[in-house]
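> Requesting a structural model of the entry that follows:
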Amino acid sequence: YFEKMPSTFGGQLEEFKIQAMRENINEIKGEEKKLAEAVDKVKKAGIPAETLHQRGEKTVYERIELLVDPGTFLPLNTLYNPANNEEGTTGVVNGIGQIEGRYASIIASDNKVLAGAWIPGQAENIFRAQDIAERLHIPLVWVLNCSGVKLTQQEEVYAGRRGHGRPFFRHAELAQKGIPVLVAVFGTNPAGGGYHGISPAMIFAHKNANIAVGGAGIVSGMS
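Numbering: from 1, shown residues only. Below you'll find the model as predicted:
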């Protein structure tokens, strides 16, 4: 059946049908424009990209583009903000991309937003990236640059069975199922940022990166 199936489907629309759909087309284009503007607003959240560039750093999107094979990154959950954060984002970027020809679930800290801090709702976005890695049985790859929790909202971040302790438990689950969990570490990563850094199975650190998960390393301001 499939061998004999025509290679093309349908035919050219007649003009009167095109005109009849014109209103719908314009409405769809209007909604697409709203979505594009909302995505652009999320990408511009936090400090200007130029500020990072002056520090010799790259933005999260620039880092992802360097990581994946050209043109293969498919962003997911860009507008996902379940806690309605004032930042307008969950502080992480996730999606699927190819790395040296192999697909991976990628999640990266948005270092323009509070230096990649944990903020409410972020854990749910992390779970989505972890779930994709599990369902598709592909590696989970972190691009980490996390300053720890946003202190004024820590009670909204830590608590609960789906709080910010669970991502590390999920890392262990993925590893037990034979799913590689890797992290590339940039910048300063105290407390929760440190946990994200050490809980994956394989760690790659930039020469200027540092991690502290407790004690004097944190209270001294990572100096």
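> And the next helix or strand past the helix or strand in which Asn24 is found?
Asn24 belongs to helix 15-43 when assigned by DSSP states H and E. Moving toward the C-terminus from helix 15-43, the next helix or strand (DSSP H and E) is helix 49-54.
> buried residues in that next one?
Ala49, Leu52 (16 or more other CB atoms under 10 Å). Any C-beta I mention is one placed from the backbone N, CA and C, and that applies to glycine too.
> cool, stretch 190-210 as well?
190-197, 199-200, 203, 209-210.
> And stretch 12-27, by the same measure?
Within stretch 12-27, no residue is scored as buried using 16+ other CB under 10 Å.
> Please state the offset of it from the chain centre?
37 Å (CA atoms, centre = their mean, to the nearest Å).
> now swap in stretch 195-205 and tell me
For stretch 195-205, the distance to the chain centre is 16 Å (CA atoms, centre = their mean).
> and what of stretch 76-95?
9 Å.
> neighbouring contacts of it?
The contact list for stretch 76-95, computed with CB atoms under 8 Å, 6 or more residues apart in numbering, reads 35, 38-39, 41-42, 45-46, 60-61, 64, 73-75, 96, 105-110, 113-114, 116-122, 124-126, 128-129, 132, 156.
> Now list the buried members of those.
42, 46, 60-61, 64, 73, 75, 96, 105-110, 113-114, 116-122, 124-126, 128-129, 132, 156.
> before we move on, the earlier item: switch the buried residues of stretch 190-210 over to CSV; also include distance to Gly10 and pLDDT.
Listed next are those as CSV, based on distance: CB to CB, whole Å; pLDDT from 0 to 100:
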residue, distance to Gly10, pLDDT
Pro190, 58, 84
Ala191, 57, 81
Gly192, 52, 78
Gly193, 52, 81
Gly194, 56, 82
Tyr195, 53, 80
His196, 48, 83
Gly197, 52, 81
Ser199, 50, 84
Pro200, 47, 82
Ile203, 52, 89
Ala209, 54, 86
Asn210, 58, 85
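> Run a quick check on Gln122 versus Arg166, I expect a contact.
No. Contact criterion CB atoms under 8 Å: Gln122 and Arg166 do not qualify, at 11.6 Å.
> Enumerate every residue touching Gln122.
Thr90, Gly91, Val92, Val157, His164.
> Widest-spaced pair of those residues?
Farthest-apart pair in the contacts of Gln122 is Val92 and Val157; separation 12.9 Å (CB to CB).
> Have a look at those two and say which one is more surrounded.
Neighbour count, other CB atoms under 10 Å: between Val92 and Val157, Val92 has more, with 28 against 23.
> can you tell me which of the buried ones among the contacts of stretch 76-95 are in helices?
Assigned to helices by DSSP state H, the following of these qualify: Val42, Val60, Tyr61, Ile64, Gln122, Glu124, Asn125, Ile126, Arg128, Ala129, Ile132.
> List the contacts of the fourth one.
Read it as Ile64. Per CB under 8 Å, 6+ apart, neighbours of Ile64: Phe73, Val93, Gly95, Gly97, Ile106, Ala108, Val143.
> Next one, pLDDT for it please.
At Ile64, the pLDDT value in this model is 97.
> The first one now?
Among the per-residue scores, Val42 holds a pLDDT of 93.
> just the second one next, same as before
According to the model's per-residue confidence, Val60 sits at a pLDDT of 96.
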